[in-house]
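> Can you look at this prediction? I've put the sequence above it.
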Amino acid sequence: MAQITLKIMTYFEALVRLGSVSEAARHLSVSEPAMMKKVEEFQRSAEVPLYNQHGDTFEATPAGQEIAERMRKVLQQTHEIELRASMSGPALTGRFRLGVIPTIAPYLLPALLPGLQSAYPQLNLEIRETRTKALLDELSIGSVDALLLALPVDQPNVSVLPLFEDPLVLARRRGAPDAGPMVTFGTDEIEPNGLDPRAVDPGGLILLEDGHCLREHALMHCGVSQNVQLPALGTTSLATVIQLVSNGLGETLLPQMALKVESRNPDLEIVHFKDPIPSREIGLVYRTGTVREQDIEALGKAIQDARLTDIGSQAAE
C-alpha cells in the first residue's frame, strides 16, 4: 500500500464529495493530470476498487466512500491542529476563511469589510461564496473556518451563532394590480395593514433555482409545500430575478438587506408584509469545538454592527 499523504487524502476526498474531476481540480486549484496521477497511484496500491471514472464523472465504490469519510475526519482534525499551533495574540489575526451564500455576500460584505479591516488590520480574510450545501461540506473538512448563512442548518457537529433577522418583502413591477401597500425605498415604517404573505400567488413567483435557501424561505412563508413543483428557470442570482420582475414576468420575495442594491430599478416597487412579517434568520455556523470560537464571536459582533450601520444608511436615503 502506497503511503497515504495529506495531499492524496485532500484530492480523493474532494473527488468523492464533488463527483467531478474538473470541479475538484478547480476547487483545489490544481491541474487535473497532477491530481489524478496521485489518485490513480493510490487506487493501484489498494486491494479493493475505490472508484469508477467515466470522463469527468468520479464515482466512489462503497469502500471508496468509507475511506473518503475517514479521510474527511482526518483532514478536519489536521486543520484544527494547525490552527491550534498557529494561534497567538488577539482575535481575528492571520488567515480566516469565511463562506458566504450568494443571497448575503453582495449585500452585507460592502458594509462589513471596511470596518472589519480597520478594526482588525492583521486579519487576512478570505471569502468563499457558494450555496449552503457546498459550504457545509467544506466546513466539515476544514476548508473554511465559519459560514455566514440563513438558518436553520441541519448538519451534525456544528454550532450556530444567531446574529439578526432579515425581513422579506415582495418585489413586483411598478403599476401591477394592487396587492398591498406600496412603500418608498428607505422608509423605516412598516405599514400595519400590509400584505398577508399567504395571499401571494405561488404561480406568479420568480424564485432562485433549487438549492438556494432563499427559495425555501419564500415557499415556506407563502404557505407552499416544498413538494409542490413550481417553474424553475435555473436562475442563480437575485439580480437576474429582479430584471425579470421589473419587466413584468412575475413577483419575488426579496431580503431587506438586498433593497439598497436591487430596488434601484425605477420599474420596481416594494410591498411590505403585515405582522408576523416573514423573515430569515442570519447567523454564523462553525464546527463544534473549534479553536476559533473567540474569532467567530468577534466576527459576529462586527457583522451585527455592520448590519445596524447599513440599516441606518438605508433609512437616511
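That came in fine, so what should we check first? Numbering: from 1, shown residues only.
> Report the central residue of the protein.
By CA atoms, centre = their mean, the chain has its centre lying nearest to residue 101, at 2.2 Å.
> That one touches residue 128, doesn't it?
No. In this structure, residue 101 is not within contact of residue 128 by CB atoms under 8 Å, at 10.3 Å. From N, CA and C alone the C-beta is placed, and that goes for glycine too.
> so what sits against both of the two?
residue 135 (CB atoms under 8 Å, 6 or more residues apart in numbering).
> Model confidence at the closest residue to residue 246 other than its chain neighbours, what's the number?
In space, residue 246 comes closest to residue 267 once its chain neighbours are excluded; the distance is 4.2 Å by CB to CB, 6 or more residues apart in numbering. Confidence at residue 267, expressed as pLDDT, is 86.
> List the contacts of residue 267.
173-174, 246-247.
> and residue 304, helix, strand or coil?
With DSSP: H, G, I helix; E, B strand; the rest coil as the basis, residue 304 sits in helix.
> Could you tell me how many residues sit around it?
14 (other CB atoms under 10 Å).
> same check, this time on residue 5
Applying other CB under 10 Å, I find that residue 5 has 11 neighbouring residues.
> Strands along the chain, start to end?
Secondary structure of the chain (DSSP state E): strands at 51-54, 57-60, 94-100, 123-129, 146-151, 158-173, 182-183, 252-255, 268-271, 279-287.
> Where does pLDDT dip in the stretch 151-300 of the chain?
176-193, 210-212, 218-236 (pLDDT under 70).
> can you do 80?
Counting by pLDDT under 80, the stretch 151-300 of the chain has low-confidence residues at 175-194, 196-204, 207-236, 263.
> rewinding a little: ok, the residue nearest to the centre of the chain - contacts?
129-132, 135, 147-150, 212-213.
> now the helices: where do they sit in this structure?
For the chain, the helices defined by DSSP state H cover 6-18, 21-28, 32-45, 62-86, 105-119, 132-140, 213-221, 238-246, 259-262, 293-316.
> Reformat those as CSV; add distance to residue 93.
As requested, the helices of the chain are exported to CSV (distance: least, CB to CB, whole Å):
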stretch, distance to residue 93
helix 6-18, 25
helix 21-28, 26
helix 32-45, 32
helix 62-86, 10
helix 105-119, 12
helix 132-140, 21
helix 213-221, 31
helix 238-246, 34
helix 259-262, 31
helix 293-316, 9
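> Which of those helices comes out lowest on mean pLDDT?
helix 213-221 has the lowest average pLDDT among the helices of the chain, namely a mean of 69.
> surely residue 25 meets residue 31?
Yes. At 6.4 Å, residue 25 counts as touching residue 31 under the criterion of CB under 8 Å.
> Neighbour count for these two, which is higher?
Neighbours per residue (other CB under 10 Å) separate residue 25 from residue 31, with residue 25 holding more: 21 against 10.
> List the residues that contact the more buried one.
Counted by CB under 8 Å, 6+ apart, residue 25 has contacts 31-32, 35.
> coming back round to it: take the contacts of residue 101 and, keeping just the buried ones, write it as a ChimeraX select command.
In ChimeraX syntax, the buried subset of those is picked out as below (16 or more other CB atoms under 10 Å):
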select :131,132,135,147,148,149,150,212,213
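> So which of the contacts of residue 101 is the closest to residue 204?
residue 212 (18.5 Å; CB to CB).
> Can you say which of the contacts of residue 267 are buried?
For those, a burial check counting by 16+ other CB under 10 Å picks out 173, 246.
> need the contacts of residue 267 in a markdown table with distance to residue 18, can you?
Output for the contacts of residue 267, formatted as a markdown table (distance: CB to CB, whole Å):
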| residue | distance to residue 18 |
| --- | --- |
| 173 | 39 |
| 174 | 43 |
| 246 | 36 |
| 247 | 36 |
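> Of the contacts of residue 267, which pair is most distant in space?
Comparing every pair within the contacts of residue 267 by CB to CB identifies 174 and 247 as the most remote, at 11.3 Å.
> how much space between residue 272 and residue 21?
Distance of residue 272 to residue 21, given as CB to CB, to the nearest Å: 48 Å.
> Looking at these two, which one has more neighbours?
Taking other CB under 10 Å, residue 272 and residue 21 do not tie; residue 272 has more neighbours (22 against 19).
> Find the nearest non-adjacent residue to the more buried one, please.
residue 194 (4.5 Å).
> so how far is residue 142 from the one you found?
In terms of CB to CB, residue 194 sits 44 Å off from residue 142.
> same deal with residue 130?
For residue 130 relative to residue 142 (CB to CB), the value is 16 Å.
> ok, now residue 217?
28 Å.
> wait, what's in contact with residue 32?
Counted by CB under 8 Å, 6+ apart, residue 32 has contacts 21-22, 25.
> Quick one: residues contacting the spatially closest residue to residue 71 that is not a sequence neighbour.
The spatially closest residue to residue 71, leaving aside those adjacent along the chain, is residue 9, at 4.2 Å (CB to CB, 6+ apart). Counting by CB under 8 Å, 6+ apart, residue 9 touches 71, 74-75.
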